[in-house]
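Novice: sharing a sequence plus its predicted fold:
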Amino acid sequence: MRRDQNLSTRPSRLRGFILSARPMASKLGSGLLVGLVPLVSSCAWVPPRPPMELASYFPPGFSDTHMPPAPSGGRARFERELVESYGAQLKAMGEPSLWEMAPKAATAFRFTWLPWRDNPISIRVEERRRGEWWLVATRLTGVGWGTPGSVADHRERRLTAEEATRAWRAMDDAEHAPAQTDGGLDGAQWLMERMRGKQYLFLERWSPEVEDGQGAYRRACEVFVDLAGPGMVMRELY
């Protein structure tokens, strides 16, 4: 079953993009450099901005590279919905902003699963010291597209060199997975983020399945779930 693309009633969609930490420039998968200057018409209606603690999870103006001009304020609404849905869940988990790690040239990967009716999870893998990799996994009591709730499960451990390599390769596989052209009505958002070499990468899919050509992306995310250990996902991923 296909879902409505109305941004006001359904979760927002992005295919994926890379943003350089350098101001006013983003680097798309095609290699095209574009500015991040908002292009909202002077007569457009602009929804109230999300709280700063939520907005900081994503670079300002990033949605301009993924939406056509919208005199009704569509860009601003799109960005606000994305920031509020993802940002609120990550904030409830106590997760840091990978985008804000850019000036530190930190390396970190994160898989966030926001199911329509089940507990959201976030699994972050980061290099804290050279060659020292850690995993931080959190599950909330709420639902992925609703009230976040509180922390139900939190795990943190150091990864072996082999496990860190698995996570690194999984992130690369997700980055090179084919783009998704459609979504569904009842499913989950699968978000992958990467901060590496002062570049922030954002990828998103809606319930990726092998039969839909999204096997590579799905398997990459499943690596993070496997590293988090049994019980992090209460039911099977969908």
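Specialist: Okay, I see it.
Novice: residue ranges of the helices in the chain, please?
Specialist: With DSSP state H, the ranges of helices along the chain come out as 52-55, 74-93, 161-175, 215-228.
Novice: for the last one, packing partners?
Specialist: In terms of contact count using 3 or more C-beta pairs under 8 Å, 6 or more residues apart in numbering; DSSP states H and E, helix 215-228 is assigned the packing partners strand 108-115, strand 121-129, strand 132-140, helix 161-175, strand 188-196, strand 199-206. Quick note: C-beta positions are derived from backbone N, CA and C, even for glycine.
Novice: just the residues contacting the second one, thanks.
Specialist: By that I understand strand 121-129. Under the criterion C-beta atoms under 8 Å, 6 or more residues apart in numbering, residues 89-90, 93, 95, 106-113, 133-140, 159, 164, 167, 224-225, 227-228, 232-233 lie in contact with strand 121-129.
Novice: likewise stretch 228-238?
Specialist: 113, 115, 118-119, 121, 123, 135, 137, 139, 153, 155, 187-188, 207, 218, 221-222, 225.
Novice: how about the nearest residue to residue 188, chain neighbours excluded?
Specialist: Nearest non-adjacent residue to residue 188, counting by C-beta to C-beta, 6 or more residues apart in numbering: residue 115, 3.9 Å away.
Novice: equivalent analysis for residue 191, please.
Specialist: Closest to residue 191 by C-beta to C-beta, 6+ apart is residue 112, at 4.3 Å.
Novice: again with residue 111
Specialist: residue 224 (4.1 Å).
Novice: quick one: that neighbour and residue 170 touch, right?
Specialist: Yes - assessed by C-beta atoms under 8 Å, residue 224 is found in contact with residue 170 at 6.5 Å.
Novice: what touches both of these two?
Specialist: Common contacts of residue 224 and residue 170, defined by C-beta under 8 Å, 6+ apart, comprise residue 109.
Novice: neighbour-wise, which of the two wins?
Specialist: residue 224 (27 against 24; other C-beta atoms under 10 Å).
Novice: okay, the helices of the chain in CSV with distance to residue 194 next?
Specialist: What follows is the helices of the chain, written out as CSV (distance: least, C-beta to C-beta, whole Å):
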stretch, distance to residue 194
helix 52-55, 20
helix 74-93, 15
helix 161-175, 5
helix 215-228, 11
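Novice: could you dump those helices to a markdown table with distance to residue 200 and mean pLDDT?
Specialist: Listed next are the helices of the chain as a markdown table, based on distance: least, C-beta to C-beta, whole Å; pLDDT from 0 to 100:
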| stretch | distance to residue 200 | mean pLDDT |
| --- | --- | --- |
| helix 52-55 | 14 | 55 |
| helix 74-93 | 14 | 75 |
| helix 161-175 | 12 | 96 |
| helix 215-228 | 18 | 97 |
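Novice: how close does residue 167 sit to residue 225?
Specialist: Using C-beta to C-beta, to the nearest Å, one obtains 11 Å as the distance from residue 167 to residue 225.
Novice: between these two, which is the more surrounded one?
Specialist: Neighbour totals were compared for residue 167 and residue 225, and residue 167 leads with 23 against 17 (other C-beta under 10 Å).
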